[in-house]
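**Q** I would like to see how this sequence folds:
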Amino acid sequence: MKTFRELIVWQKSMDLVTEIYEETKSFPDEEKFGLTNQIRRASVSIPSNVAEGFGRKSDGDFARFVSIAIGSNYEVQTQLEIARNVGFLEDNHFIRLIEKLTEIDKMLKGLKSKLK
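**A** A predicted model of the protein is given here:
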């Protein structure tokens, strides 16, 4: 593989970031620097850590960055659940995003296992 852009998990997590940005546009303005910002930053962290780890050129370093991406995935899941609980996110949107995050989580864990 020549570039991180070839990794399906990176591609899927990039698509997720776009979806998260679209979904959070409807959050209340007073959440712009709160939950909206947190969800966006954590979602951006997933593909960013995959890319950074890929660039480290060592399997050990790459696995460490994939672990960070996994943690960010769980952070996004938690924040989306909070958004749903407080009425910012409809159940069907929540479920769709969680399904995508679950798929990305499985892919990240598979990648990490191959790196070890």
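**Q** ranges for the helices of the chain?
**A** 8-24, 35-55, 59-85, 91-115 (DSSP state H).
**Q** tell me the most buried of those?
**A** helix 35-55 (a mean of 21; mean count of other Cβ atoms under 10 Å). C-beta here means a position set from N, CA and C on the backbone, and glycine is covered the same way.
**Q** hmm, who's touching it?
**A** 3-4, 7, 9-10, 13-14, 16-17, 20-21, 24, 27, 61-66, 68-69, 72-73, 75-76, 79-80, 82-83, 88, 104, 108, 111 (Cβ atoms under 8 Å, 6 or more residues apart in numbering).
**Q** Throw the helices of the chain into TSV and include mean pLDDT, thanks.
**A** Below are these laid out as TSV (pLDDT from 0 to 100):
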stretch	mean pLDDT
helix 8-24	98
helix 35-55	98
helix 59-85	98
helix 91-115	98
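**Q** burial of the nearest residue to Q11 once chain neighbours are set aside, as a residue count?
**A** Nearest non-adjacent residue to Q11, counting by Cβ to Cβ, 6 or more residues apart in numbering: R5, 7.3 Å away. Close neighbours of R5, defined as other Cβ atoms under 10 Å, add up to 12.
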